[in-house]
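**Student:** just to be clear, the model below is a prediction. Sequence and coordinates:
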Amino acid sequence: MRARALGASLLVALFASGARAESSDLGAAKASFNAGAIAYAAGDYQAAIQALDAAYELTPLPAIAFSLAQAERRQYFVSHEAAHLERACELYRRYLAEVTVGGRRADATDALAQLEPLARSLGAPSAAPNAAPVEAQKTRLMVSSPTASALVSLDDARDVPAPLIAEVAPGAHQVRVHADGFVASERSVVAVSGALVPLEVALDEVPAKVLLDAPKGADFYVDGRLQGKVGKHTEFTLPSGRHSFTFAMNGRQVTTLGVALTRGETRTLHPTFRPTAQRTMSYVLFGVGGAALATGVTFGALALGQESKANDLLAEREVTNISPSERDDYEEAVRRRDQFRVVAAVGLTTSVISLVTALALHQFDEPSVREELPKRERQSRRTAPRFALVAPSAGEGLALAASF
């Protein structure tokens, strides 16, 4: 990540300085500078010098000269070869000549105050500022990866942590990069004689698999986006990280599950579907309507029975005289018939109202998903990243950085 930021700032610096270069040169300069930054961070200053030399040849910016001076200075204290000491001094002087105000003049001056007396005491010969020591022109491959804990194997040799910086013979070489939870990548790269060839390999992570154990037909959302309906066997893959799963079904409360997935894992989700208050009320009204219907039918039958009894007594009276007790029975049958009719009518009316209301509540019990979905992050205003050419102190880091 840091190397990519440094390379991005290199390109911005090129345009800001009005450099006129072909796009292929810009790409090569960026790749070389990234390689130099990685090698410097890994402590391989000789490889850093070789890569930064290539970038400086394409885009001779003062900031790259400072970075190259830093690498030469570090390499001198590793190898104690005077050529590195003298070249560091020359590059610091060039930086001071080109950057007359600001920048890292103070750091360059401090470095020269330390190195020039040392060079005079050693009687080091002068060297051209753009000429790298002969040993820097070895054939090298650098394999890096933005993936944390990536391992690199070169030509079937044992794995080493990225970045791999190796001296190789010119020609084709096989590279394998892998890491736990990521899909391994195999590449072929051609080493160029006398050059450092950088190769960055970004690995694709093994996605997590999610299985849904939910009622068929339920809508499901992932991270606020509708994915479809749950089927008999619903499974899909997602990148690692935290995800939100929302399930919606008519008559059921919306259910949201927050799940943290790891690379390559298989997770089965078992959402719980609870009935809504509206659905519960519809069930209650169905029950009330059913009971009222049964009551209406029962009392309707009883009313018919009493009417039949009253009709029999009325028919008997037309044929012969009836006794007072039979007349009382007739009047009681008529009275009960009318009462049963009223109860039956109330029951049937209540049944119709309850069943129609219950059916409406049941049919139109659609979940309100919008309020339950996780709030998406508002897209922040796009502003151009802020880049700055900065150089670290005399003993630390490289010269280009970017702030976003």
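**Tutor:** Yes, it's here. All values reported here derive from a predicted model rather than from experimental measurement.
**Student:** switch to C-alpha atoms for all contacts and neighbour counts from now on
**Tutor:** Noted.
**Student:** what about the strands in the stretch 51-200 of the chain?
**Tutor:** Counting by DSSP state E, counting those that start in this stretch, the stretch 51-200 of the chain has strands at residues 140-144, 151-154, 160-161, 164-167, 171-178, 185-191, 196-200.
**Student:** which among those is found nearest to residue 245?
**Tutor:** Using Cα to Cα as the criterion, the shortest distance between residue 245 and those is 30.8 Å, found for strand 171-178.
**Student:** tell me what that closest one is packed against?
**Tutor:** The helices and strands touching strand 171-178, judged by 3 or more Cα pairs under 8 Å, 6 or more residues apart in numbering; DSSP states H and E, are strand 151-154, strand 185-191.
**Student:** how about TSV for these, with mean neighbour count and mean pLDDT added?
**Tutor:** As requested, these are exported to TSV (neighbours: other Cα atoms under 10 Å; pLDDT from 0 to 100):
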stretch	mean neighbour count	mean pLDDT
strand 151-154	22	94
strand 185-191	15	93
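**Student:** circling back: switch the strands of the stretch 51-200 of the chain over to JSON lines; also include distance to residue 222.
**Tutor:** Compiled in JSON lines, the strands of the stretch 51-200 of the chain are given as follows (distance: least, Cα to Cα, whole Å):
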{"stretch": "strand 140-144", "distance to residue 222": "34"}
{"stretch": "strand 151-154", "distance to residue 222": "33"}
{"stretch": "strand 160-161", "distance to residue 222": "36"}
{"stretch": "strand 164-167", "distance to residue 222": "39"}
{"stretch": "strand 171-178", "distance to residue 222": "29"}
{"stretch": "strand 185-191", "distance to residue 222": "29"}
{"stretch": "strand 196-200", "distance to residue 222": "33"}
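**Student:** same for the longest helix along the chain, what does it pack against?
**Tutor:** Using DSSP state H, we find that the single longest helix of the chain is helix 277-319. The contact analysis (3+ Cα pairs under 8 Å, 6+ apart) places helix 277-319 against helix 324-363.
**Student:** so for stretch 56-67, mean pLDDT?
**Tutor:** Here the mean pLDDT over stretch 56-67 is 90, rounded to a whole number.
**Student:** next: stretch 360-376.
**Tutor:** Within the predicted structure, the mean pLDDT of stretch 360-376 is 72.
**Student:** swap in stretch 203-213?
**Tutor:** Mean predicted confidence for stretch 203-213 is 92.
**Student:** end to end on it, go ahead and measure it.
**Tutor:** Its first and final residues considered, stretch 203-213 spans 32 Å by Cα to Cα, to the nearest Å.
**Student:** residues in contact with it?
**Tutor:** Residues from elsewhere that reach stretch 203-213, judged by Cα atoms under 8 Å, 6 or more residues apart in numbering: 145, 147, 177-178, 181-185, 230, 233-240, 261-271.
**Student:** rerun at 7 Å
**Tutor:** By Cα atoms under 7 Å, 6 or more residues apart in numbering, the surrounding residues in contact with stretch 203-213 are 147, 181-185, 234-240, 261-270.
**Student:** relative to residue 33, which of the strands of the stretch 51-200 of the chain is closest?
**Tutor:** Set against residue 33 and scored by Cα to Cα, those come closest in strand 196-200, at 9.9 Å.
**Student:** just checking: what are the partner strands of the closest one?
**Tutor:** Its sheet considered, strand 196-200 pairs with strand 140-144 (parallel) by DSSP bridges.
**Student:** what angle sits between the partner strand and strand 185-191?
**Tutor:** Strand 140-144 and strand 185-191 meet at an angle of 150 degrees, taking axes from the mean of the first three to the mean of the last three Cα atoms, to 10 degrees as the criterion.
**Student:** alpha carbons of strand 140-144, as PDB, please.
**Tutor:** Extracted C-alpha coordinates of strand 140-144, given in PDB (Å, rounded to 0.1, in the frame of the first residue of the first chain):
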ATOM      1  CA  ARG A 140      17.500  -9.100 -10.200                       C
ATOM      2  CA  LEU A 141      13.800 -10.000  -9.800                       C
ATOM      3  CA  MET A 142      11.500  -8.400  -7.300                       C
ATOM      4  CA  VAL A 143       8.200 -10.100  -6.500                       C
ATOM      5  CA  SER A 144       5.900  -8.200  -4.200                       C
END
